[in-house]
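[1] only geometry, no sequence info:
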């Protein structure tokens, strides 16, 4: 289970949907974040590598207010 911005993301959902569990992130913003970090929107959360999770965290902390 990935933990981003203090939220445990559901493991079996697509990362596009999982990011919406973070307050302030909707589907459109989730799609934009994943495009910036080059992660496929159909990837399941439990399939993400540590580097991918770190890149999402960095993108959120640098460019998004959550």
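    Arrived safely. Just so it is clear, the structure is predicted and the values come from calculations on it, not from any experiment. Residues are numbered from 1 along each chain as shown.
[2] Tell me the pLDDT of the most centrally placed residue in the chain.
    Nearest to the centroid of the C-alpha atoms of the chain, with distances taken as Cα atoms, centre = their mean, sits residue 19, at 4.3 Å. Reported pLDDT at residue 19 in the predicted model: 93.
[3] That one and residue 13, how far apart?
    Distance, residue 19 to residue 13, using Cβ to Cβ, to the nearest Å: 10 Å. Quick note: C-beta positions are derived from backbone N, CA and C, even for glycine.
[4] Over to residue 33?
    Per Cβ to Cβ, residue 33 is found 15 Å from residue 13.
[5] When the two are compared, which one has more neighbours?
    residue 33 (21 against 15; other Cβ atoms under 10 Å).
[6] buried stuff in stretch 40-59?
    Buried residues in stretch 40-59, counting neighbours by 16 or more other Cβ atoms under 10 Å, are found at 45, 48, 52, 53, 55, 56, 59.
[7] quick one: which of those residues is nearest residue 1?
    Taking Cβ to Cβ as the measure, residue 1 sits nearest to residue 45 out of the buried residues of stretch 40-59, at 7.5 Å.
[8] Is the closest one in contact with residue 11, as I believe?
    Yes: with contact defined as Cβ atoms under 8 Å, residue 45 and residue 11 form a contacting pair (5.3 Å).
[9] Output the below-cut-off pLDDT ranges for this structure.
    Within the chain, the segments meeting pLDDT under 70 span 65-66.
[10] mind listing the helices for it?
    For the chain, helices defined by DSSP state H occupy the ranges 15-18, 27-36, 50-63.
[11] Export these as JSON lines, with columns for distance to residue 1.
    Compiled in JSON lines, these are given as follows (distance: least, Cβ to Cβ, whole Å):
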{"stretch": "helix 15-18", "distance to residue 1": "10"}
{"stretch": "helix 27-36", "distance to residue 1": "17"}
{"stretch": "helix 50-63", "distance to residue 1": "10"}
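[12] Go through those helices and name the closest to residue 4.
    helix 50-63 (5.5 Å).
[13] if we look at the closest one, which residues are touching it?
    Residues from elsewhere that reach helix 50-63 (Cβ atoms under 8 Å, 6 or more residues apart in numbering): 2, 4, 5, 19, 22, 33, 34, 36, 37, 39, 48, 66.
[14] Perfect, that will be all.
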